[in-house]
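Engineer: I'll drop the sequence and a predicted model, then ask my questions.
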Amino acid sequence: MRPLDYLSTAAAAMLANPIRTCLTMLGIIIGVGSMVSMAAIGAGAQAQVQEQIRSFGANVLMINAAVRNQGGIRTAGNIRRPLTIEDSRAIAELPSVRAAAASVAGPAQAVHGGRNWGTVINGTTRDHFAIRGWQLASGRLFEPGEEAGGGKVAVVGSLVARRLFGDEDPLGRVIRILNTPFEVIGVLKEKGSAAGQNQDDVIFVPLLTAMIRLIGSANAVNRDAIAFIMASSKSDDSMTAAIDDITSLMRQRHGLTGNDENDFTITTAASILAAQEASTRTVAILLGAIAAVSLVVGGISIMNIMLVSVSERTREIGLRLAIGARPRDVRKQFLLEAAVLCVVGGVIGVLLGGLTAIGVAKFVGWRVLLEPQVAAVAVVFAGCVGIFFGYYPARQAARLEPVMALRTD
Amino acid sequence: MLLEARRISKQYRSDSTAVTALHPTSLRIDNGEFVAILGPSGSGKSTLMSILGLLDRPSSGEFFIDGRDSATLSDDQAAGLRNRLIGFVFQSYHLLPRQSILHNVELPLLYSGVGRAERRERATQALTAVKLPHRIDHLPSQLSGGEQQRAAIARAIVTKPAIILADEPTGALDSATGWEILQLLIALNRVGRTIVLVTHDVDIAHQASRIISIRDGTIVSDQSAAAARAAAAAAETMEQCDAAA
């Protein structure tokens, strides 16, 4: 029997009972559909996370003071030794580091005319913008004189500009933060949100201005304490060198020796990415398990229907054996029927899953990413399910004795 | 010699009891014969035909088909011989209900690996030979019983087999239609096909050139149709004499 004849025989058997064929495929359709739509949603979420992290900056390092560990209890703000402006300057001079900028940050209400907006005040230096790759939409950054002299100037994020000024041009206007007037000298380009936080909801002021007039130092004991340092490496390749250099410099500055634990942490986009990838992998495994379970259930329903079909078509099998079908021809016929059922169900499932993902993107607003290789894997997997669960019924069919099968009514 | 059975028997086992359907039987059928196997239901004639058609294997004894010992045949080899050497005609036609007449007739060629175009051509020829060249795209249920049996005969001859095994081919038909089917088998015999016809009907059996009578799993007579007719006439005369006396 020729390969194509097997296929047309299987197709004829499927078309002979279309309603049953559709019902049989339902499990596979649902399994593959959920697999494809979940993969699309998962891939979309992952792409979004990666994009957010990219907006953080590929060669950006963030240095924070480590939280003190007291008998296993770690409390926010209870740090072992604060970072200082001097730490930031020393880091900036390392050969592997291009720039470093110290920051203090805190919440505050900003007022302009009749409008006000609660936002984050970030005191920092102009290097901060270069490190983050953050560009101005209009205006300018802090002058060195304003940074050294505690100038009352502000660079605002695009969201803050919209909230406080609406359609007006903010440049040259005065906003009040904690009753101190600040002149808006620059508006930043939109950067979007990262790690669940809208990065455009921020007002930047010179570091000294923030420490003296608005927030104070990051630590009640040390006047020079700052909250964190942002730094960038010379290139993507020198990230590892920069991490090593900063680590040994900080250990030296903080007088740590031997087995002393670091009293600071260094965060990079890569480390955030690794953490995020671990969590998305967990979700992906979970979704994969759901899809696998529904495919197995679909496969069992195929086996069920195939067994019914074999017993219903005993006479047909008997006749085929009588006129010269070998047992293996009968086995192949039923196996192929199961596989074709599953592959056709798989293709329908891919289409339905794709539509579901598009629907989710449209109506729920989640980002989805349809990947053709996922669809291909899903269809191939469905075919394998068909062959696996079709094998037993097909073997039953091939084992029928022709003389008994012919006599069955 | 086409078929030779040497002391073949068949027992069926159901749980603890064994039922003997066929006692040791020997039989030879040559090329070009038209043999009727005559017997009432339960006589073992269907069992005998199943063994002759390689659908079943004897419990004991030897069976040779076309010079080959059936005991040495694998299931696949037996399937190949059924495909090439034997055409089956059944009482209930056994056409696939959801496929067209043409497709039904093509079916044996599918299993001998014949290509699509040639399948179609040979199936059409076979349908013409049984005088059913029209309605080949119909489903079996759209045809009368006689037409369905013609299609089944077309299916049996489409591989040009040496033997046609017909199991009560007229059993489900009225006598006029049954007669036509019988004429078709006689015509096939004239062009060289060996026909083995299983029936319980004496009148049908008398159309064959040789009649093997079977009763309770044993062959009770094996004679030419002429001899059988003479015997029957003699028996009738005896009865009339008895009645007159």
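Structural biologist: Okay, I see it. Numbers count the residues shown, from 1 in each chain, chains lettered A, B, ... in the order given.

Engineer: pLDDT on stretch B:110-126, on average?
Structural biologist: What stretch B:110-126 shows for mean pLDDT is 93.

Engineer: show me what counts as buried in it.
Structural biologist: The neighbour-count check on stretch B:110-126 (16 or more other Cβ atoms under 10 Å in any protein chain shown) flags B:110, B:111, B:114, B:119, B:120, B:122, B:123, B:124, B:126 as buried. (Glycine included, C-beta is placed from N, CA and C.)

Engineer: next, the third one: secondary structure please.
Structural biologist: Assigned state for residue B:114: coil (three-state reduction, DSSP: H, G, I helix; E, B strand; the rest coil).

Engineer: what number of residues lie near residue B:160?
Structural biologist: Here the number of neighbours of residue B:160 (other Cβ atoms under 10 Å in any protein chain shown) works out to 11.

Engineer: mind checking pLDDT for it?
Structural biologist: 94.

Engineer: check residue A:80 too.
Structural biologist: pLDDT, residue A:80: 67.

Engineer: again, but for residue A:313
Structural biologist: 89.

Engineer: same thing with residue A:75?
Structural biologist: The per-residue pLDDT reported for residue A:75 equals 60.

Engineer: a markdown table for the buried residues of stretch B:110-126, including distance to residue B:141?
Structural biologist: Formatted as a markdown table, these follow (distance: Cβ to Cβ, whole Å):
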| residue | distance to residue B:141 |
| --- | --- |
| B:110 | 22 |
| B:111 | 24 |
| B:114 | 27 |
| B:119 | 23 |
| B:120 | 22 |
| B:122 | 24 |
| B:123 | 19 |
| B:124 | 21 |
| B:126 | 21 |
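
Engineer: between those, which is nearest residue B:93?
Structural biologist: Residue B:93 has its nearest neighbour among those in residue B:126, at 15.1 Å by Cβ to Cβ.

Engineer: touching, the closest one and residue B:107? I think so.
Structural biologist: No: Residue B:126 is not in contact with residue B:107 according to Cβ atoms under 8 Å; the separation is 11.4 Å.

Engineer: just send the buried residues of stretch B:110-126 back as JSON lines, with secondary structure and distance to chain A too.
Structural biologist: Converted to JSON lines, the buried residues of stretch B:110-126 look like this (DSSP: H, G, I helix; E, B strand; the rest coil; distance: Cβ to the nearest Cβ, whole Å):
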{"residue": "B:110", "secondary structure": "helix", "distance to chain A": "5"}
{"residue": "B:111", "secondary structure": "helix", "distance to chain A": "4"}
{"residue": "B:114", "secondary structure": "coil", "distance to chain A": "9"}
{"residue": "B:119", "secondary structure": "helix", "distance to chain A": "9"}
{"residue": "B:120", "secondary structure": "helix", "distance to chain A": "13"}
{"residue": "B:122", "secondary structure": "helix", "distance to chain A": "14"}
{"residue": "B:123", "secondary structure": "helix", "distance to chain A": "13"}
{"residue": "B:124", "secondary structure": "helix", "distance to chain A": "18"}
{"residue": "B:126", "secondary structure": "helix", "distance to chain A": "13"}
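
Engineer: from those, pick the one nearest residue A:382.
Structural biologist: Among the buried residues of stretch B:110-126, and counting by Cβ to Cβ, the member closest to residue A:382 is residue B:110, at 27.4 Å.

Engineer: host element of the nearest residue in space to that closest one that is not next to it in sequence?
Structural biologist: In this structure, residue B:110 finds its nearest non-sequential neighbour in residue A:5, 5.2 Å apart by Cβ to Cβ, 6 or more residues apart in numbering or on different chains. If you go by DSSP states H and E, residue A:5 is part of helix A:3-16.

Engineer: helices and strands around that helix, which ones?
Structural biologist: helix A:327-359, helix B:101-111 (3 or more Cβ pairs under 8 Å, 6 or more residues apart in numbering or on different chains; DSSP states H and E).

Engineer: what are the buried residues along whichever helix or strand comes after that helix?
Structural biologist: Using DSSP H and E, the helix or strand that follows helix A:3-16 in sequence is helix A:18-56. The neighbour-count check on helix A:18-56 (16+ other Cβ under 10 Å) flags A:21, A:24-25, A:27-46, A:49, A:52-53, A:55-56 as buried.

Engineer: centre of the chain to the helix or strand encompassing residue A:107, how far?
Structural biologist: Taking DSSP H and E as the definition, residue A:107 sits inside strand A:97-112. With Cα atoms, centre = their mean, to the nearest Å as the basis, strand A:97-112 stands 27 Å off its chain's centre.

Engineer: pull out the buried residues from it.
Structural biologist: Using 16+ other Cβ under 10 Å as the test for burial, strand A:97-112 gives A:97-105, A:108, A:110-112.

Engineer: contacts only, for the residue in chain B positioned nearest to chain A.
Structural biologist: Here chain B gets closest to chain A at one residue, residue B:83, 2.4 Å apart by Cβ to the nearest Cβ. The contact partners of residue B:83, by Cβ atoms under 8 Å, 6 or more residues apart in numbering or on different chains, come to A:323, A:324, B:108, B:111, B:112, B:159.
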